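1. pasting the sequence and the predicted model now:
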Amino acid sequence: MDAGGISVTVRLGQGEIPVDQIPVDQIPVEGQPTQTIPTPDLEFAGIGPEVVVSTTALVIVGLLALSQRWPRLRSATFWVSIVGLAVAGVLLAGAWSDVMTFGSYQTLRGMVAVDGFALFNKFLVLVATFLGLLIAQGFLRRENLDAGAYHALILLSAAGMLMMASANDLIVIFLALEVLSIALYVLAAFHRDRLESQEAGIKYFVLGAFSSAIFLYGVAWVYGATGTTSLTGIAQFLSNFTLVENQGLLVGLALLLVGFGFKVSAVPFHMWTPDVYEGAPTPVTAFMSAGTKVASFAALLRVLQTGLETQRLDWEPLVFGLAVLTLVVGSVLAIVQTNVKRMLAYSSISHAGFVLIGVQAGTDDGVAAALAYLFAYTFIVVGTFSVVTVLAHRGDVGHDLSDYRGLSRRQPVVAALLAFLLFAQAGIPLTSGFVAKLAVFRAAVNDEQYALVIVAVLVAVVAAFVYIRLLVVTYLEDTDSDGTAGRVHVDGGARLALAICAAFTLAIGVAPNALLDIADRANFLF
Amino acid sequence: MMTWIVFTVAAVAAVLSAIGVVVSRNPVHAALNLVGTLFSVAVLFVLQEAHFLAAVQVIVYAGAVVVLFLFVIMLLGVDRDEMLDDPLPFQRPIALVAGGVALFGLSVLIQGTVATGGLSARGPALSGDEGGNVERVAKSLFTDFIWPFEITSVLLVIAVVGAIVLVRDGRRDDADSSEPESAS
Amino acid sequence: MSAHDVLDLAWIIPALPLAGAVLLLLFGSRMREPGPGMLATLMMGGSFAWSLVTLATLWSLDSEERLHVVKLFDWIPAGSLEVSASLLIDPLSVTMILFVTGVGALIHLYAVGYMHGDPRFSRFFLYLNLFAASMLILVLGGSFPLIFLGWEGVGLCSYLLISFWFERDSAAVAGKKAFVTNRVGDFGFLLAMFLIFAHLGTLEVVPALEGASHLAEGTATAIALLFFLGAMGKSAQLPLHVWLPDAMEGPTPVSALIHAATMVTAGVYLVVRTHPFFEMSAVAGDVVAWVGVLTAFVAASIALVHNDIKRVLAYSTISQLGYMFMAAGVGAYTAAMFHMVTHAFFKALLFLGAGSVIHGLHGEQDMRRMGGLRKYMPWTARTFIVAWLAIAGMVPLAGFWSKDEILAAVWVRDDYALWLVGAATALMTAFYMTRQVRMVFDGERRPADGEAPATPHESPPTMVFPLVALAGLTVVGGLLNLPFTSLAFLGKWLEPVLEGVHEVHVDSFGLGFALSTVAVIVGVVGIGLAYRMYATVTDTDPVRARLGSAATFLERGWRFDWVYETLIVAPGRRFLEWASKHFDLGIVDGAVNGIARALQLGGEETRKLQTGHVRRYAFAVFAGTTLLLAFVLIRARVVI
Amino acid sequence: MTADFPLLSALIAVPMLGALVALALPAKRDDLQRAAAMIFSMATLGLAGYLLVEFQTGTAAFQFVEHKTWIRDFGISYTLGVDGISLFMIVLTALLFPVVLLASANVRKNLKAYLFFMLMLEAGIIGVFMSLDLILFFVFWEITLVPMYFLIGGWGYDRRIYAAIKFFLYTMAGSALLLVGILSLAFLHDSATGTLTFNFVELANWDGLSGSTEKWLFLAFFAGFAVKVPLFPFHTWLPDAHTEAPTAGSVVLAGVLLKMGTYGFLRFSMTLFPEATRDLAPLLLVLATIGIIYGALMATVQPDIKRLIAYSSVAHLGFVVLGIFALTTQGLAGGVFTMIAHGLNTGVLFLLVGMIYERRHTRQIAELRGLWKVAPRLGGLFLVAAFASVGLPGLSGFVGEFLVLLGTFLTQRPYAIISASGVILAAVYLLWAYQRVFTGEPEGENAAMADLNGREMVTVLPLVLLSLVIGVYPKPILERIEPSLKTTIEHIEARTDYREPSAPVLITESDDEPGAPPVVHDEEVVP
Amino acid sequence: MRVGPGPYLLVAAILFTVGATGVMLRRNALVMFMCVELMLNAVNLTFVTFSRQLDDIGGQVYVFFVLVVAAAEVAVGLAIIVAIFRRRQGATADDLNLLKG
């Protein structure tokens, strides 16, 4: 160990002892190497969903290969995906009941944490995936795209998200991040006939790679500072030694935040979001706006709450700053958009700001609030993008505000659902959006972050203007068409997805007890 | 002393070729500069007892990745020089300033950094009685890091599927046998 | 049935005209002329009859017991505030209701003829009845808010009746002006009530008046002056008098009833009613007296030069009201009440006569277009002359006695300046009234140029009868309160009300006689002057000729309207329009829209950073990274 | 109906049900939809009437209380209750809706949605007035924005979209801070007592806030309520919303929606933050007084008659706030009464202006003339409503204004005096407008205008008559309100050194202290 | 004499910032991409440095994973670039700005 000639003091409990004088037996050591290679412990239940989902993806890839000879297999991919998701869901439920009964545990050498928190987020990922598959059916048919590849990639990306939700090691987080991202890069560029789609793909890719490099650099620094990438290990280390003004850890922390900030589209790392959301095929946008955020926030929360819990004073101001910037920029930029997808992209940035409030609070309440927010957000945002999906025309066009003019006449039911979901985004009571906002505000108020709350509520008003503007177009502006011209067909999958989203949004808005209970119980290993 | 000399040479080479990557107007030159950096870094790996990695670095990076780059450059025929001026106003100065500031910050921070993680409960040691570097890496990989290792397999599947999906010639039915030999 | 039981039924008095109003509202449009008029008159007659019964009942009681409060119901109970809807019956209120209902009934009757053929005949009587009910509530009100209800009610009816011919813009404007001007006074009334409640804890009239003596003088003065502010509005005293001349836009019976006989005297009544507050105050009385006499003087001077038959009378009314306030101000409440009653008789008569003339001339109101009407309208002329002599203060008509009493009271109080102005006013009064009589009834007919002279005609009996009746009252009205101790009926009658007031009386017969003589001489001089100057009426008016440019000043009413219009209303309006545009919409609303616009602009500007160039995005990410690192540097205390 | 019948829930549920029924009926059957909406709103009115009858006079306690846990984790409950203050607001709401539905006979465009929003709005407003849980209150409070937004934006006039957006965002901005206030209060309570609750009664009985915290919370609540009322200078959304809203919207807006703000002050601000109420009352009084004068002055120069009435609302609501923060029984009673009276009178005015608009398609004062001649019933009713609004005794407006001014005079003399001049201004602008619109000789289109028909008479007359009745005999209302108001004041007295001036006793005042107000100064208080 | 971690970390930091600056400077998507590779290399160097510092083999294993990730990224990234260039000849990253605002 080379201290590089710089004196370092490490606080050990109360007193300060120079590093060199720390008795060896006080340095916790575990896992003495042995001659035989021991088989790592494995609790399959913990990683069941990931394994099932990625296996399903492989099955689909196989089906695609076979479909050269038997083209009918092509249509099976959807159902295979659904079955895979269902199985994953069942496993997830089983794991939940295990965890709730016997408690959380780690597996695979501590790389995977199986706790309520992970399972909650996995559930959300599965939901987003399921809905992403549902709304894509009509879309893929309309746009004449390769459904099988789409399903495979969605499932692979979902597998990455699932891994991320229960990742308990920075390197696993990184890899999972890459899994979900790389699949999404491809999905963003999935629409062959749209230049925008490919542009979105390359932009997402370049910036994604750029930010993962930064993230990884952060991992390296944290590794250097703590000697491990395991969140549990980091936490143990940090609770044993109080690091004072440790640059290495701080640099790592800052760089990790950049990586997470990029994934959750926190300002100023958000700039890819509108372009990619607009350019990507709409079902992909729906899927990634929900799934990526859930997974990234899950990892972020776990890192901050389990790994760097002791460094609260260091990261709180950073997250605070990010939250404020994200809230303000997201909503202010949203109000000047004329493309609906883009507008919703900015609004999703603003939503990320709200979740960051929960993150920032850093309390149990805060975590529960962030979870509740993500839960509500998943249904709302997927629902909204579902509407956007079905209203577009061949070539994934028709996302301009003016294309929504007279929608309430043309398609009253869709318009009403859109209105409802938009009100939910605005946080009007009796929608899940209100409950979610209430939860994060509660966390922040409990944390006595009044300034943040005030910023947030005012931003909510600004953001409300965005939704109101869309409603003005759909409902209030006169249209000269007779009402039915330009009606689009809403296929069964999208209908089901919309119904689910609206139902959950309403149900949580009216009776949020169940959600809040679960969010409360979805706590960490620690 | 010797290590210092080797280090200095390799470090300077790495940095210079890295700068070369950035400033080469021709992508082919950039790629070649990249190879230079990769080799230099491999040397630095060796200096730090990461023999296996040094080898992989050369084989995978220089051998595969850079070749792939060159292949694509040639395929697309983009091996022409970039314009000297930057069409985005102020992009160059602000980028350089940002880079400079970041570098300054990082170097200042590095001055006071100590791998305090040495106090940690860490994994198997770098060297010792139990075999060489490769063996140690392998052992670690298949015990402690089995899960990340599995994840990389998924990653490769995606890479393969994604690449095929993207570059296929727009036709639905030529999804060729992209059966990946996945590790899982 | 005991006397109190009878008095308990006093609610009938306002209820009858109110019922008339309601009936007319519901069924008026279905009744044929003169049904509504007759119904209304009947109601007034009934009310008058019951007033007589009340009078008799009250009379039958001992003078100490002549105070009866009829509580009808709790009106506004809130906390310690208990405002009752109750009626106060005492000699003062009974005096008022008698002449209100009496004169009112006569004018109702007169209006049946006058309003003949009007398309809104029934509505007219609806308003008239409503007015009567309000006026009676005002008079009888046993709590200040209830008085205020009547007070506002008569204001409303005044508004409605002035604007009765609302198709004429001038009428509509005049009505509005009347109401708004009155509201200025109401402001005072309201504050007076608040002060009373704040200091006495009650708004019931009787306990409040009893409590007045416990008040500090400052409080009492404030209350008194605030009440007087209310009275100034209602009774058209300077400077709130401007609405009354314009009020002549209303039908003439309205002018007679509301703007001469009853409503405008409500202010005087209020001062008399609340006299304990005035008595407590050293200055309030003087203020009242001086405002009164100045009003009297100014209004009389204006009347000198006007040619509109009703406007002359309107200014005359203002002037006479000023007289009454002068009396009340010096503490001669009985004299004020006395003049109020006699004034009601002769001024109503004058107005009705004027109305008869206008009716006969098919709407002509300009005195220069009249002349020689004595021939055509004998009864009108005769009764008008009686009234003229009365207002000019000729013995033994009613006006003489009451005016004389006021001047005498002022003299006895040693307020000689006041007396002098009062006497000058009397001179002018005699003068302008004579001028009017000469221009209207004497000489030759002077029809408008190029107009075939329509033959004037005497009015129908329904109109003539009230004239005669009022003329009779004018002749004998003085008997109410002769300046002889034993014959001062009104004084004695009002004694219980004015208990504790030291009313001044002319104690020596000689002085009284002398003052009376002076007053008569003043009147005679005025009459004589005008009689000679207007022996023949030519195009050049002698008074105007002599006054020169001052005549214009007088004709424009001392330019009060001009001052209000050009100094307050017009600039105020301009300012408000400016403020509405630039402050309310510009600054207050502008701030709101400004925030919205700033956000929009901020968005538009920030949006430009999102250029679509991936390198820019990368820069943003990296710049953000650098910022976070900078924070770390600070945090780690490496820098700073 | 048994004692267990959830009357209050029914009051919310019935209009909501009606809204759904209207939505479910076939789109082509206008008549059926109208009938259904009418039946449900009348049923609500019936329930409100039953509430009025069953209401126990003479007690300040909340009646018909319903309590159920709603969001357990946050301590949010579904708690409803009615006292004298809310009783009449509920009745007024229930009364106005059938009236405006009747007045909406000319609404043809998308009738179904119109009725849906109307009835949802009714449910929301009624909910606001009976919520005893702060979050529940907030939920109803926000939820009313949505239907109102659609009503203004969907069925309004030329600049309706601008007005709707402005209404929505402005009030939402205010209520955003209200939410912060509510949350902060509850969590402070939680950290102090360990019970997380939003229950109004529990929070009101908790006396653990520090002075400055209380002030901040008060200001947060203030933001929400002041915008809604609206107090100067937060009023500018109102003229736009009023002007551009359809008739029914304007009536509801003026009639009950604005009252939510003053109700909030009365119910929540005062009881939850007694000390801040006492300390910050001057702020409210100043703004209210400015509102009274300013609203009236601005009204005098409005060229649009709806705008004029809107500004008059600013003035009237100023009276309400003035009365409330005078902190006297009379002032409070006057404030509540003015809320009711203003609802009736301004409701009538808006209804009539709407009827004029339907005939003449203009609201510009300059374009109207002489309407009284051609439409005597319209003119007459307008006049009555205008005078009621001016505060003519015998009509409802007077009772409220009188009590407000009187109550204010007792404790806050200067404000009362300045505000009293508002009675002059009210006459100025309303009579000015009346003169321009209704008098004169009608020409052109004005001369051809039809008078009110039977339906319209039925729409307007009940309100006018009610205004008259409660103006003549306000006691039944006042005696039901008063216990609650007394309790409110006693609550403030118990928490602060404020003492309501008691009724003065007739004692001789010394001359060297002329006109000393019987205001109890802080330092004179005997605990 | 051993070379301490400081110089290694410094070299890594320089490589990292040079790479990052390159991403911001270069218009050619392929070169941008190479610059990302530079950054990854810098990270690898950091890992290895710390690995030696800590005497922990884990640091080297991470590098192994990073290599895999880099390879996967390159595959997909180049595929995207190829896909785009098929449709738009000679496009540089600057030309891709259909999406903005």
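-> Received, thanks.
2. residues in contact with the closest residue to chain A within the stretch 251-400 of chain D?
-> Nearest residue of the stretch 251-400 of chain D to chain A, counting by C-beta to the nearest C-beta: D:Met260, 14.4 Å away. Where you see a C-beta, it was placed from the backbone N, CA and C, and this is true even at glycine. Residues near D:Met260 by C-beta atoms under 8 Å, 6 or more residues apart in numbering or on different chains: D:Ile125, D:Val128, D:Phe129, D:Trp141, D:Thr144, D:Lys228.
3. residues of chain C that sit close to chain A?
-> Where chain C comes near chain A, counting by C-beta under 8 Å from any C-beta of the partner chain, the residues are C:596, C:599-600, C:602-604, C:606-607, C:610, C:612, C:614, C:616-618, C:620-625, C:627-629, C:631-632, C:635-638.
4. just the buried residues out of those, in PyMOL syntax.
-> To isolate the buried ones among those in PyMOL, judged by 16 or more other C-beta atoms under 10 Å in any protein chain shown, type:
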select buried, chain C and resi 596+599+602+603+607+610+612+614+616+617+618+620+621+622+623+624+625+627+628+629+631+632+635+636+638
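5. kindly list the longest helix within chain D.
-> Ranked by number of residues, the top helix in chain D under DSSP state H is helix D:160-193.
6. for A:Val267, what are its contacts?
-> A:Leu322, A:Leu325, A:Thr326, A:Val328, A:Val329, A:Gly330, A:Ile349, A:Gly353.
7. could I get those residues as a markdown table with secondary structure and pLDDT?
-> Compiled in a markdown table, the contacts of A:Val267 are given as follows (DSSP: H, G, I helix; E, B strand; the rest coil; pLDDT from 0 to 100):
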| residue | secondary structure | pLDDT |
| --- | --- | --- |
| A:Leu322 | helix | 94 |
| A:Leu325 | helix | 94 |
| A:Thr326 | helix | 94 |
| A:Val328 | helix | 93 |
| A:Val329 | helix | 92 |
| A:Gly330 | helix | 92 |
| A:Ile349 | helix | 94 |
| A:Gly353 | helix | 94 |
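8. ranking those by neighbours, who comes first?
-> A:Gly353 (31 neighbours; other C-beta atoms under 10 Å in any protein chain shown).
9. surely that residue touches A:Ala266?
-> Yes. Counting by C-beta atoms under 8 Å, A:Ala266 is a contact partner of A:Gly353 at 7.4 Å.
10. identify the contacts common to these two.
-> By C-beta under 8 Å, 6+ apart, the residues touching both A:Gly353 and A:Ala266 are A:Ala323, A:Leu325, A:Thr326.
11. picking that back up, quick check: which helices or strands does the longest helix of chain D pack against?
-> For helix D:160-193, the elements it packs on are helix A:432-446, helix A:450-471, helix C:589-609, helix D:134-143, helix D:145-155, helix D:200-204, helix D:211-228, helix D:237-244, judged by 3 or more C-beta pairs under 8 Å, 6 or more residues apart in numbering or on different chains; DSSP states H and E.
12. and of the ones you listed, who's closest to D:Val286?
-> Nearest to D:Val286, of all the helices and strands packed on helix D:160-193, is helix D:211-228, at 12.2 Å by C-beta to C-beta.
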